[in-house]
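[1] What shape does this take:
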Amino acid sequence: MKLIASGFALMLASLGLTGCPADDDPLGGVCGAGFNAGNGTVGDFGTTEAALKVEAFLTASADLYGAAVDLEGDVLGACTAMAVDLDIPTGELDPGAGELEVSAACGRVAEEIDAIIATLPTGVALGISITPAECTVDLDVAATCAAECDVEIEGSAEVECSGELHGSCSGACSGSCAVEGTVSCEGECSGSCTGTCSGTCTGTCSVPCDVEDGQGNCAGTCAGTCTGTCDAECTGTCTGTCTAEVTGSCAGECYGSCDATWEAECNGEANVTANADCKAACDVSANASATCTAPEVTIVGVDVGDPTAQARLDALIATLDANYPTLLQAQARIQYALAPSLESFVSSLTVAATSLADVGVQAAACLGVAVDAVTDAAARIDASVTVTVEVSASVSAEGGT
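    Sure thing, here's the model as predicted:
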């Protein structure tokens, strides 16, 4: 994930996006009620081809801005909660001049985590098991946007999924089937497995485990019954999500193909077939609306001996259990949904602010406001992904450093 953070910084620099808070309307109020990134307001600029593109760009800008604000709020909320749990004074979270709140708060939390992890024995790290978040894009958002933006499209627009389609299937599923709940499982269990585990068992094992953590819990291969998380195939009862390869009926989510009616969504990016301007806007609108599941995170502690240090470590593990999934969820949404289409959209919007100016004075003013809003959004996204990477690096570090 370090590459993601540095890649974002390079992208912002190459596009000249400084991340300074934008004026509500730098063009003297000419935009008026034609655009408001904060509440998603987009005015009616007419029915010409150029006017429809203006509206699509403004809508996409508002969608991106809203997603950036939501992400920043989630990350800041998680870091603030962790700071409280780790007894960090509120005043130490205050941002400096020109610094975003999320950068200051999460940076201070990362420092505290570093100090706690340093008390672990040299070369020892927390035992962390993560089932990654899954992000889903609704392809209908991109299709509807393109049909409204591109005057050449009749009916529904074609949208491809750069990833994996999944959804409910009324017939036979060919691929994998994911069933949630407490279910009998002969597949990969994302959650708690009570049964045999063909991979690493993190939890308790009915027979001696080949690898144990400092507290005697299993952290390796379990030849008996594993009660905990299993990173490979679980044969037994899965409480969470059981994913198995099938050719036939599927009582849950089908990943692959369906021989009957199915309502499919996309784990990946939406790529709409439309003219260049509409594609840039509609891809962003769809990807900005992506939803990501919270990852499953299991953290196993270490016995450090000293009661004071142990209390701090236990407090860290407790707050990570509660808040770390939120940071990883935000990180996944940026990586898989927002980042891939952001650079092309910023470039297209900047060009559109000039090429579509003949739609009218108000449209030109609103496009200028949108450029500022997207600049602000990109900076918020950059800050959010940077601090989640920083906290993740601290959590994964080894003791004695």
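
[2] what residues go with each domain of the chain?
    Split into domains by automatic domain parsing, the chain comes to 2-133+275-396, 173-258.

[3] Next, count neighbours for Thr41.
    Number of residues near Thr41 (other Cβ atoms under 10 Å) recorded here: 14. The C-beta positions use only the backbone N, C-alpha and C, and glycine is treated the same way.

[4] rewinding a little: pipe the domains of the chain into a markdown table and attach distance to Ala142 and mean pLDDT per row.
    Listed next are the domains of the chain as a markdown table, based on distance: least, Cβ to Cβ, whole Å; pLDDT from 0 to 100:
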| stretch | distance to Ala142 | mean pLDDT |
| --- | --- | --- |
| domain 2-133+275-396 | 4 | 87 |
| domain 173-258 | 20 | 80 |
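
[5] okay, those in a markdown table with distance to Cys266 next?
    Converted to a markdown table, those look like this (distance: least, Cβ to Cβ, whole Å):
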| stretch | distance to Cys266 |
| --- | --- |
| domain 2-133+275-396 | 9 |
| domain 173-258 | 11 |
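
[6] Could you tell me which residues within the lengthiest strand in the chain count as buried?
    The strand spanning the most residues in the chain, taking DSSP state E as the definition, is strand 173-197. Going by neighbour count (16 or more other Cβ atoms under 10 Å), the buried part of strand 173-197 is 173-180, 183, 185, 187-197.

[7] Who are the packing partners of that strand?
    If contacts are counted by 3 or more Cβ pairs under 8 Å, 6 or more residues apart in numbering; DSSP states H and E, strand 173-197 sits against strand 226-230, strand 233-248, strand 253-258.

[8] quick one, the helix or strand following that strand and strand 226-230 angle?
    Sequence order places strand 200-205 as the next helix or strand after strand 173-197, per DSSP states H and E. Between the axes of strand 200-205 and strand 226-230, defined by axes from the mean of the first three to the mean of the last three Cα atoms, to 10 degrees, the angle is 150 degrees.

[9] if we can go back for a sec, would you mind finding the most buried of the helices and strands packed on strand 173-197?
    Most buried of the helices and strands packed on strand 173-197, by mean neighbour count (mean count of other Cβ atoms under 10 Å): strand 226-230, with a mean of 26.

[10] Remind me what the strand or helix carrying Ser341 packs against, helices and strands.
    Assessed by DSSP H and E, Ser341 sits inside helix 339-355. Judged by 3+ Cβ pairs under 8 Å, 6+ apart, the packing partners of helix 339-355 are helix 2-14, helix 49-85, helix 276-288, helix 361-396.

[11] Paired strands for the helix or strand following the first one, with orientation please.
    Going back to what we said before, that points to helix 2-14. Downstream of helix 2-14, the first helix or strand assigned by DSSP H and E is strand 35-36. Strand 35-36 sits in its sheet next to strand 41-42 (antiparallel), going by DSSP bridges.

[12] Just the residues contacting the strand it pairs with, thanks.
    The contact list for strand 41-42 (Cβ atoms under 8 Å, 6 or more residues apart in numbering) reads Ala33, Gly34, Phe35, Glu55, Leu58, Thr59, Ala62.

[13] Most widely separated two among the residues you listed?
    Within the contacts of strand 41-42, two members stand farthest from each other by Cβ to Cβ: Ala33 and Thr59, at 14.8 Å.

[14] Count residues in the vicinity of the residue nearest to Ala142 when sequence neighbours are not counted, would you?
    Closest residue to Ala142 apart from its sequence neighbours, by Cβ to Cβ, 6 or more residues apart in numbering: Ala286 at 3.6 Å. Ala286 is flanked by 29 other residues according to other Cβ under 10 Å.

[15] likewise the one 5 residues further on?
    Thr291 is surrounded by 14 other residues when neighbours are defined as other Cβ under 10 Å.

[16] Looks like the residue nearest to Ala142 contacts Thr144 (just checking).
    No: Ala286 lies out of contact with Thr144 (Cβ atoms under 8 Å); the separation is 9.2 Å.

[17] Which helix or strand contains the closest residue to Glu92 other than its chain neighbours?
    Spatial nearest neighbour of Glu92, chain neighbours left out: Arg108 (5.3 Å); criterion: Cβ to Cβ, 6+ apart. Element membership of Arg108, judged by DSSP H and E, is helix 101-117.

[18] ok, whichever helix or strand comes after that helix: who's next to it in the sheet?
    Counting by DSSP H and E, the next helix or strand C-terminal to helix 101-117 is strand 127-131. Using DSSP bridges, the strands paired with strand 127-131 are strand 296-300 (antiparallel).
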